[in-house]
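Chemist: prediction below, plus the sequence it came from.
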Amino acid sequence: MTQILKHFAALLVAALPLGLTHAAVYQEPAEFVNESFHGKPPASSALWLTPELKKQMEEILGHPPTGMRVRYWHDQERTTWVMDEIGKELPITTGIVINKDTIERVRVLIFRESRGWEVRHDFFTDQFRGAGMNGKGSLDRNIDGISGATLSVRAVEKLARVALLLDQTIKRKQ
Amino acid sequence: MHKHLWTWHRRLGALIAIIVIFLCISGIALNHTEGLKLDQRHVQADWLLDWYGIDAPSEAWSVQVNETRIVLLGDHLYADDTLIAAPYSTLHGAGWNGEMIAIAAGAEMLLLTPELTLVERMTVSDGLPADIQAVGSDSENRIAVLTTEGQWIADRQLLGWEPAEEITDIQWLPTPVQTTEQIDGIREHYRERILNWERVFLDIHSGRILGSAGPILMDLVALMLLGLSASGLWLWSRRVR
């Protein structure tokens, strides 16, 4: 019996990296950035996270942000962000374009989870178009969820809010 | 008949009571997986990890940079004994530019402070050259990488990269070597991150914690519960009459 359980554990261990490395790439992040600036992307910049900004991000994400700086692309009024957030167990890579303080475009670029991939569809991501931040740090509109994809929906919505927050931070610095 | 059934009803109830208790506890726990964060809590009990036959790889890839030892064990990347990130299939090398440690692993470059705090995970979309084979630095301590497309050098803040074919003073740093030494602490940490409590409760609930016989046992328990329900209802109806 112990032998059978060991086989089961071996399968579990073997499946773990497989699960972690399996990813559906809907669009390469570099291609998304390129597309966002009509084929002429500016050089990337980095926003260093102050303790205050980290705290604000933590309030949105529900956990401290990973890393001490966030990379972005900035040209006139438009900023583009490519960020990761875990849905249930694995990071969802999402590209977000902010133009004049509102969201111009959201696109799920790489999806690694086994469930919740429906968030990649336009019917979901189009809801973010034109959304801005209200005074309470939330989106100024309701985003309809997708049954069976609650955690993925939540992750993408959090990233949209973080992108708006970071965009505002950059604009304030200018 | 009535007395005979009553005796068997009691015996059957006592027999499966313990399993029903486990079923109830595991069922309640699984209903609240998210709230209890069972999927994020990892089993650290050696006996349970041993029961599952879980072990860490015996060999790791290691490279020394500054005073920090970078280790890739399985797909987990460690700096000294601190887990930095996962998953990575290869460790290409690591360098130090006087401010940050730069580790090339998989298709990424990870930047750490000297205190081993993660600054950033750079990818190709951030301008990182693809197919890194080695890490080096020039006389100004700028980080360089050797790729299949040639050699590249980063600016001081490691924000951008440019071709560096004409730079001749790049020193390529030692490539990672396979090791089995001084990785016991990391191996223990690795082992304790494989199994989460959601998996354990799922296995308890389905019986798989006992191996392939477990689900059959649970099927028998389910049949016994059906029998108990039927006999209980019958005995109750007789008493009402």
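Modeler: Arrived safely.
Chemist: who are the packing partners of the longest helix along chain B?
Modeler: Assignment by DSSP state H gives helix B:2-31 as the longest helix of chain B. Secondary-structure packing of helix B:2-31 (3 or more Cβ pairs under 8 Å, 6 or more residues apart in numbering or on different chains; DSSP states H and E): helix B:197-206, helix B:213-240. Any C-beta I mention is one placed from the backbone N, CA and C, and that applies to glycine too.
Chemist: chain A is nearest to which of those?
Modeler: helix B:213-240 (6.5 Å; Cβ to the nearest Cβ).
Chemist: what ranges do the helices span in chain A?
Modeler: A:2-21, A:29-36, A:51-61, A:122-125, A:150-173.
Chemist: now those in TSV, with distance to chain B?
Modeler: What follows is these, written out as TSV (distance: least, Cβ to the nearest Cβ, whole Å):
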stretch	distance to chain B
helix A:2-21	3
helix A:29-36	3
helix A:51-61	12
helix A:122-125	19
helix A:150-173	8
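Chemist: where among the ones you listed is the average confidence lowest?
Modeler: Comparing mean pLDDT across the helices of chain A, the weakest is helix A:2-21, with a mean of 48.
Chemist: circling back: I'd like the helices and strands packed on helix B:2-31 as TSV, with mean neighbour count appended.
Modeler: Formatted as TSV, the helices and strands packed on helix B:2-31 follow (neighbours: other Cβ atoms under 10 Å in any protein chain shown):
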stretch	mean neighbour count
helix B:197-206	19
helix B:213-240	13
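Chemist: now stretch A:72-81 - C-alpha only, PDB.
Modeler: Extracted in PDB, the C-alpha atoms of stretch A:72-81 (Å, rounded to 0.1, in the frame of the first residue of the first chain):
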ATOM      1  CA  TYR A  72       6.100  50.300 -17.500                       C
ATOM      2  CA  TRP A  73       6.000  52.000 -20.900                       C
ATOM      3  CA  HIS A  74       5.000  55.700 -21.100                       C
ATOM      4  CA  ASP A  75       4.300  57.900 -24.000                       C
ATOM      5  CA  GLN A  76       2.500  61.200 -23.600                       C
ATOM      6  CA  GLU A  77      -0.800  60.400 -21.900                       C
ATOM      7  CA  ARG A  78      -0.600  56.600 -22.400                       C
ATOM      8  CA  THR A  79       1.000  54.100 -20.000                       C
ATOM      9  CA  THR A  80       1.200  50.400 -20.500                       C
ATOM     10  CA  TRP A  81       1.600  47.800 -17.800                       C
END
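Chemist: what residue ranges in chain B score low on pLDDT?
Modeler: In the predicted model, chain B carries pLDDT under 70 at residues B:1, B:240-241.
Chemist: can you pull the domain assignment for it?
Modeler: Following automatic domain parsing, one finds the domains of chain B at B:2-41+B:199-240, B:60-191.
Chemist: buried residues in the helix or strand containing residue B:51, which are they?
Modeler: Here residue B:51, judged by DSSP states H and E, is contained in helix B:46-52. Buried residues in helix B:46-52, defined by neighbour count with 16 or more other Cβ atoms under 10 Å in any protein chain shown: B:49, B:51-52.
Chemist: do stretch B:115-129 as well
Modeler: For stretch B:115-129, by 16+ other Cβ under 10 Å, it's B:118-123, B:125-129.
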